[in-house]
Each structure stands twice: as structure tokens, then as C-alpha cells.
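Engineer: Sequence first, predicted coordinates after that:
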Amino acid sequence: MLAERTPADWACRALAVAQVCRSSIGGIVLRGGPGEARSLCLQALRDAAEPAPWCIAPSNIDLDRLLGGLDLSATLATGKPVLVRGVLASADGGWLQLNMAERQAAQVTACVAHALDTKYIDVARDGLQSQLPADFAVVALDESREDEDGVALALRERLALTIETDALRAVDVVAALEPDTGFDPQRMAGFQVTDEQIGLLASSAAAMGEHSPRIVLALLQVARAVAAIDGAEQLSDVHLAESTVLVLAMRHAMTLPAASQETDDQPPAPPPPPSNEQDSETALSDDNVTADALPESIDEAIAAQLPADLLMRMTRGAAQRRTGSGASGAGNVRETFSRGRPLPSRRGVPGGGKRVDLLATLKSAAPMQLLRRQPSSSRLQVRKDDLRIKRFREPQRTTTLFVVDASGSAAVQRLAETKGAIELLLAECYVRRDQVALIAFRDANAVLELPPTRSLVRAKRVLADLAGGGATPLAAGLKLAAATADAIQRKGETPVIVLLSDARANMTLAGEADPATALSESLAVAKTIAESRFRALVIDTGRRPTSRCASVADAMLARYVPLPFADAVSVSGVVSAMVA
Amino acid sequence: MPSPKPFPFTAIVGQDDMKQAILIAAVDSSIGGVLVFGDRGTGKSTAVRALAGLLPKMPVVPECVYNGDPVARDCLCAICNQFIKLGAKPKQVGVPVVDMPLGVTEDRVVGALDLERALAHGEKSFEPGLLANANRGFLYIDEVNLLEDHLVDLLLDVAASGENVVEREGLSVRHPARFVLVGSGNPEEGELRPQLLDRFGLSLDVRTPTDLKQRVEVIRRRDDYERDPIAFARRWARKEGVIRRSIASARERLDSVEVPDEILHHAASLCVSLGTDGLRGELTLMRAARAQAALDGADRVTIDHLREVAPLALRHRLRRDPLDDADASVRVQRAIDDELG
């Protein structure tokens, strides 16, 4: 029965559940660009929300507007500190629409997540302190493309439902919209749930790689809502199945398959992806059995919704997250006083490149005006304590660290190509004010041939003198790379490691010729690079791409690019795509 | 508004490390804070908020905004001075657990000029901030890695010195601010600077429980709690009482717990073998072992206590070793096995 529903049916079902549950399931993510289907979904929610408040947080909202703070004009007019409510407090009892949620700053998503957990916000800003109720549900508009990180994970986890609006046609949505069923919210809490049912939900969540208890709680709540909407007497497996589709399948499916094809062409639904593969990273032993234990209705319901390449996408998504690219890469920005994205201003004295933030300064002076007023003058009285300075965060400079295999196996010709690529990159780096460093490894050890530099002349001289030949001490090269990258990071710059090698390691760290140990040591060192979350790229320069090199890249959580016929231009192209 | 009944501490499923660390910090506040890093949805904030319901009441000077201690008499405010002179009856209040709101500004943390009074009466008076509210209690910072660096610095300074010194807007105020700092965060949202890291006394990583039975139990209890918090709290009241009493007795006995030289020797050799910088590691290790012994009702610290608390006290003080890919806790465990046998 469930498998016959079209994506539009499911979307409308999700909307109905969102309206019913509101803040008890956090809210809903509408994933996709602006379009008619998305507008329809939004409008349906808005209509149902009437007359409760509906507040919108634009993508560039700052903490002042989000949490509230001192109202400048009211404070000046009354001579008393006046608090202006932020968006979060205004949304109490209703909905908060987060525009371009994938681009919201970490501070903003953290505030929203906190309010979702506690249902209130603490405002402690600009000399004011109060606690305001903020019980709202979130509609997050996520416009990220497939290869980008979506909504911040902390928020994602708290929003139970997802609709892929790009996959929907507006006419289908209009047809599928469910009329408002007069329904009693009291019914929802009344449904009893057994431990087996909770176990089922927990194991299906785990099978989809969702380990947080919050997701399971959301599953339970959605199941109750579905049962209540259908007017059921008690919670049955059908409701659980429907909940798993609404929460889990729709969360992970980037595009829902057309239901007609699924049901017509493949009557026996394909089994869900075995959980042990998905969990290889977290190694959850007891989940292997549980996927089989799912009752058939859940099995079918999920299977009907899963695109075939889901597994690949999920693992790719995990890898992306681990490397910390995208908006969540909080380590790759730094604070400055001159340029970049604005941060909240803070108390300080202008000068030395620090500029005064006029509005914030006025704000801090405003409440004191009555007190400071002098009979002889009507001027605004601003004191040194009031001064606020502007702050910005700026993307860090990048240092590209080349780790070059100069051994005999890597052939002398390759070395020449590498040299050429580095020179090309250097020219680009000069424009971006980035730096380049080079480590070469051959014979028994690795040497930092070129410390981080922006000097083209110096780099060229070093490169010209670089000799090749000898054994391949890969582990030593990576070890030095990790240490150098660490040093670069300590200086406040972002290192990107680029390894050019065929990974035919044959020299151990102790300087003995033992290929097996050399490779296992290399993998161990590569893992530490992954742990430090350095961005990395492995270019396989072997004549034929080997699994050995791919496994080193895997251990480093690096991108792997086999370039059997690497030339200077293609190497530099791959690297600059990575760095930029 | 915050729900009237926090989730009971004893009802938290698993997460023994986290509970142990918080209990140790509750017994000896000089340990200097707990840092909890880890997966989302593991009950980090639940555990800290549960503390409020767990800790035994404490006597304070009535009306003192700094929660002045009528016994130690370290608060120098006018009300406390009056109290000491006249000798009134102290009031019993719950231990404060102060939540540091996100987006807080510095003036609200340290305290600032009281605007209302300044405007209404033209008086220059100090309006205490969160640090004053948290005196003798707990200060909880969710998402500590999102807090601005200068605020974290300031907090750690105050936490270490036990005193808040305010020099701003023509005010000059100092007041006691002894509190246990509890920070939580998620490594995916950015790392904490290493300088800040080792200023926390204890640190631990929490993971989502992987055992299905445990997961079901987590959901079951959370669901029961959300549907009827008051009835749920009543069901756990007895267990809460047991822990509350054990904290109270551990606090009383803390000073009389003996730390043999041999234990100090072991602690020092453990720190040396792990290459931790400075003496802070040894000091914390010793204090944590003593608090653990007091919680266990022992008269003297044994090597088992040391073994139990060493990962909590040391794991965030290790130098990163590019050749050792093991998790920090594993490295501490290995050193414990080597050094303590």
C-alpha cells in the first residue's frame, strides 16, 4: 500500500505531519532551489500555521537580530534601555523560516538548535538580560547542490522531515495536498509503544547510518502523528513503516525515484542495502542482524524509496564531512580587523588598523545619555568605554605542500613534470597570495627542500637542483609532511597536502628495505594526516593506477586522482581546483 | 521557560565516563572544569542540566547576589559584611547551575554598570553578571568551541583564580567566582585551541551507545520523561537521593582522604612517560584520584583510583605524535598499563 504512493503524496504527507507535530519534531527541511513546488509546500505550511507567527531569518542574519538586543532608537527616545525581540523570540508558538540554511553561520545554527532543545532563549547582550520563550518549528530552505554540504549537522539532526522539492511537479503537489482533517492533538500522546517497536525504529535508523537518539525520538513522534492523522486505535507496524520513510528514506534520498517505475518494473522490491557496509567506519557489530529483523512492511517501504546509488552517495557524503570542507570548516577562517565577513564588534580602542563600529558604539552609549547629559550642551555624550571596533573573519591563506616521490621507481621524467607543475602553481599562488612548500623523499629519508615560500625565484632554484633516484621511503615523506603541515597550521595558515607518488614504498622508517612494513607504516602515518583533518590530494603517478596508491589516499581521507600521463598542466589544474 | 523538572541524572543510560567526571568535579571544584566533546545527541547537556536536581543544598548569606558563603566569608560585599557583623541565619539554596547563553556579550558575563539604577537614581552601582550568579556552582557552556576566544580566555582565568575582577565604566569591583566550568562541544563544528584545551581539568569524549538494548532504553526513558516529567522524576527520586548523599559525604571527607607518597610517585611517572607539559596534569590527576576515593568511601587513595581517573585527567594533555595513530584514551591506557602494571 505504501509503495503505491508517489513522491508528491509523500511530500504532502510530510507536510501534514509537520503541521501536526510542529516543534515536537523540530521541523522540516525543504531541499532544492526556488521553484513552484517549493513555494507550494511553504504556502501550505504557512496557511496551516495561521494565525501563529511566521518569522523569516535571511541568510545573512546576525546575532543581534536573531537573539535580540538593545533597541537603539527606543533607548535614545526614552533614555531607558529597551530590549528589542529577536527573530527567535518572535517566532514563539509558530514557525521560523531559515533561508539558505546551508549558508547560515555556525553561531546562528547553534542558537537555533539550542532553542529547539530548550524551547526558550537566554538573551544576555548589551547590558540586558532576559529569558524569553521560543517554542517554534523550523522550515529550513536548503539550496545546496548535490556535491555541497547541506544544512549544518547540528541542525539537520533536530529537524525530522525532509522534502526534495526539485523532484516534485507543482501540479502533483496541488493534487496530493491533504485536506485539513479535524484532529485531536491529545490523541497523539496517548499511543502506547512497546520496546520491540522502539527497537525496530532504532535499528532501522542505525541501518541508515543515523546513530543519534534524537532521530529515533523523531521517528517515534512521527509514527504517533501518522497514527493520529489516520484515526487509528493504536500504533501499528504500518505507522512505523510510514515514519521510517518520512524521516529516514526522504532524508537520504537525494532524488526520489518515480513511483510508477518502481512498482511496475520491479514487483519484488530490492532488499535494503546491507547495513554492515554502511557502518564499516563506525563498526557497529550488532546492527548486522537487525536489518533482517525488520518486518516486511518497513522493508518494502524503505526499499521502494531508495535510489540505487544511495550507498555510494552516503559514503561520499561522509568522506566530505570528515575532510571538513564547506561551511562547517570552522578552522579555515581567522579573525581580522580589516576585511572579510563581519563578526560582532567588540569593545576596544580604534587605531592600529582597527576601525570604529559607529552603530555599535552609539548603541552602547545610548542608555547613558540621560545620565551624562550636561546642562550646557545637547550633544551626544560618548565615552571611551563605549567605543566598539569592527571585526571580520577572513579565509585563511593556503599553503600547498607538495610531497614528491623522487625515487627511482617514480622515474626521472615524472620529476620533471612535477617541477613544471609546481612552477605553474607558484605563478597562480602569487596572485592569490598563497604559499608553496616542497618535500622530496628518496633513498633513506625525506627532506623539506623548499620551506613555505611565495618566492618564485627561490623555488625555481631549489627545483632545478632536485635530484632523483634510489629507494622509496614513503612513510618518512608522509611523516615529515604531517609535521610540516602541523607547523603551517600553527602559523595560522591552512595546509593542503599534495602527494605525488606511485606508492611503491620499499624503505621503512628505520631505514631498512622491507616493502611490506614500509607500506603498513605509510598507511599508519597517512591515518594521522586524516586525523589532523588536513586537506589532502593524492596524485597517482604510477604507469598504471594501483590499489596500493588508492589505499594510501583512503587512509589520508584524501582525494585520489590517477594521472598515468601526468603533465605539468594537468597536475597544476587538479591542484588549483582543490586549493581554490 | 525551562521545564520545572530536569531529566534525572541517574536516569541517563550509560555514559559512565561523563557521569563520573561530573561527579568528581562536583566533589572537588578545584579540579578546574570538565570538557565534554563528542557526538550529537549523547546527553551532554542533559547530564549537566541534571546536576541542578542532584546537588545538595548549600548555605548562603541571604540577599547576597554573589551567593556569599556564610562559613568561608570570602565575599566582601556590603550585605555579607553586614551579615558577618550582625550574625543572621544563613539561607539554604540549591546549587546554581548557570547556562551560558550563546551570543552572550562580555558585559553580561563579568557584570557591568546597573543601567536602571544609574538612570533612575543617578547611582553608580554594579550589576553582577553570570560569573556572580555561578559562584559556588556550575557554569555550563554549550558549544564551547563557538564561543569567542577572548571570552573563553576570560572564563578560564576566572575559573583558575576563583575571583572576578571588574575594571570598567568607572567601576572597580572584585568578587569571589568559584565555579566548576563545564564545556561541551562537537568536534565537527571546529576544534578548541590547544591552549584552552589543557586548562580544563578533566576531558572526555562521548559516543552514541551502539548496543541496541541500550538505545531502546535511552528512547524509552526520554519518551516517558517528555510525556510526564513530574511522574518520571518521582520514579527516580530514590536513586537521586542516594547519589546526592554520596556527594555530600564525599565532600565532607575529601580533606581527610590520605594521598600516600607512593601514589604521587606513580602519578608523576605516568605524566613523565606520557610527556604531558607542566605540573597541571599531575595536580589534576592527584585531586581527581582523591575525589574518586572520597566518592568510593575510601580513606586513602589507591592505585586503582589513579587508574580509574587517569584517562579523564590526562587525555587532553598529550602531545600529538604523528607516528602514533591511537586514540588519546588508548595511549593513556597503554601508559597506565606500562607504568602501574
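Structural biologist: It's in.
Engineer: And the pLDDT for A:Ala202?
Structural biologist: At A:Ala202, the model reports a pLDDT of 87.
Engineer: So what's the model's average confidence on stretch B:163-176?
Structural biologist: Per-residue scores along stretch B:163-176 average to 83.
Engineer: Please work out which residues outside it touch it.
Structural biologist: Contact with stretch B:163-176 is made by A:385, B:66, B:68-69, B:74-77, B:107, B:110-113, B:124, B:126, B:128, B:131-132, B:135, B:158, B:162, B:177, as judged by C-beta atoms under 8 Å, 6 or more residues apart in numbering or on different chains. Quick note: C-beta positions are derived from backbone N, CA and C, even for glycine.
Engineer: Pull out the buried members of those residues.
Structural biologist: The neighbour-count test (16 or more other C-beta atoms under 10 Å in any protein chain shown) marks A:385, B:66, B:68-69, B:74-75, B:77, B:107, B:110-113, B:126, B:128, B:131-132, B:135, B:158, B:177 as buried among the contacts of stretch B:163-176.
Engineer: Now for residue 219: which residues touch it?
Structural biologist: The chain I'm using is chain A. A:Leu219 touches A:160, A:201, A:204-205, A:240, A:243-244, A:247-248, counting by C-beta under 8 Å, 6+ apart.
Engineer: Not quite, go with chain B.
Structural biologist: Taking C-beta under 8 Å, 6+ apart, one finds A:198, A:201-202, A:213, A:216-217, A:220 in contact with B:Ile219.
Engineer: would you list those in JSON lines and tack on neighbour count?
Structural biologist: Converted to JSON lines, the contacts of B:Ile219 look like this (neighbours: other C-beta atoms under 10 Å in any protein chain shown):
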{"residue": "A:Ile198", "neighbour count": "23"}
{"residue": "A:Leu201", "neighbour count": "28"}
{"residue": "A:Ala202", "neighbour count": "28"}
{"residue": "A:Pro213", "neighbour count": "24"}
{"residue": "A:Val216", "neighbour count": "27"}
{"residue": "A:Leu217", "neighbour count": "22"}
{"residue": "A:Leu220", "neighbour count": "25"}
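Engineer: now the helices for chain B?
Structural biologist: B:16-27, B:44-54, B:78-86, B:106-110, B:115-121, B:130-133, B:149-161, B:194-197, B:212-227, B:229-253, B:261-274, B:280-296, B:303-314, B:328-340 (DSSP state H).
Engineer: Show me the shaky parts of the stretch 401-550 of chain A.
Structural biologist: A:409-414, A:421, A:425-433, A:456, A:543 (pLDDT under 70).
Engineer: got it, and chain B?
Structural biologist: Checking chain B against pLDDT under 70 turns up B:1-4, B:40, B:119-120, B:122, B:187-191, B:193-195, B:277, B:319-327, B:341.
Engineer: Mind giving me the packing neighbours of the helix or strand hosting A:Val552?
Structural biologist: A:Val552 is located in helix A:547-555, with elements delineated by DSSP states H and E. Here helix A:547-555 is seen to pack against strand A:494-501, helix A:515-531, strand A:535-540, strand A:559-562 when contacts are counted using 3 or more C-beta pairs under 8 Å, 6 or more residues apart in numbering or on different chains; DSSP states H and E.
Engineer: Wondering if stretch A:71-91 reaches chain B at all.
Structural biologist: Yes. Using C-beta under 8 Å from any C-beta of the partner chain, we find that stretch A:71-91 touches chain B at A:79-81.
Engineer: which among those end up buried?
Structural biologist: By 16+ other C-beta under 10 Å, these give A:Pro81 as buried.
Engineer: Helices - which of the residues of stretch A:71-91 next to chain B land there?
Structural biologist: Going by DSSP H, the helices hold none of the residues of stretch A:71-91 next to chain B.
Engineer: pLDDT-wise, what's the bottom of the residues of stretch A:71-91 next to chain B?
Structural biologist: Pick the lowest pLDDT in those and you get A:Gly79, at 72.
Engineer: Chain neighbours aside, what residue packs nearest to it?
Structural biologist: A:Leu370 (3.6 Å; C-beta to C-beta, 6 or more residues apart in numbering or on different chains).
Engineer: quick one: the residue nearest to the spatial centre of chain B and chain A, what's the gap?
Structural biologist: By C-alpha atoms, centre = their mean, the mean C-alpha position of chain B lies nearest to B:Val180, the distance being 3.6 Å. For B:Val180, the distance to chain A equals 19 Å [C-beta to the nearest C-beta, to the nearest Å].
Engineer: quick check, the helix or strand harbouring A:Asp64 touching chain B?
Structural biologist: If you go by DSSP H and E, A:Asp64 is part of helix A:63-67. Yes. For helix A:63-67, a contact with chain B is found by C-beta under 8 Å from any C-beta, at A:63, A:66-67.
Engineer: could you point out which element follows that helix?
Structural biologist: strand A:68-70.
Engineer: Pull the distance from that following strand to the chain's centre.
Structural biologist: Between the centre of strand A:68-70 and the centre of its chain there are 29 Å (C-alpha atoms, centre = their mean, to the nearest Å).
Engineer: so for that strand, what's the average pLDDT?
Structural biologist: In the prediction, strand A:68-70 has an average pLDDT of 82.
Engineer: Alright, calling it a day.
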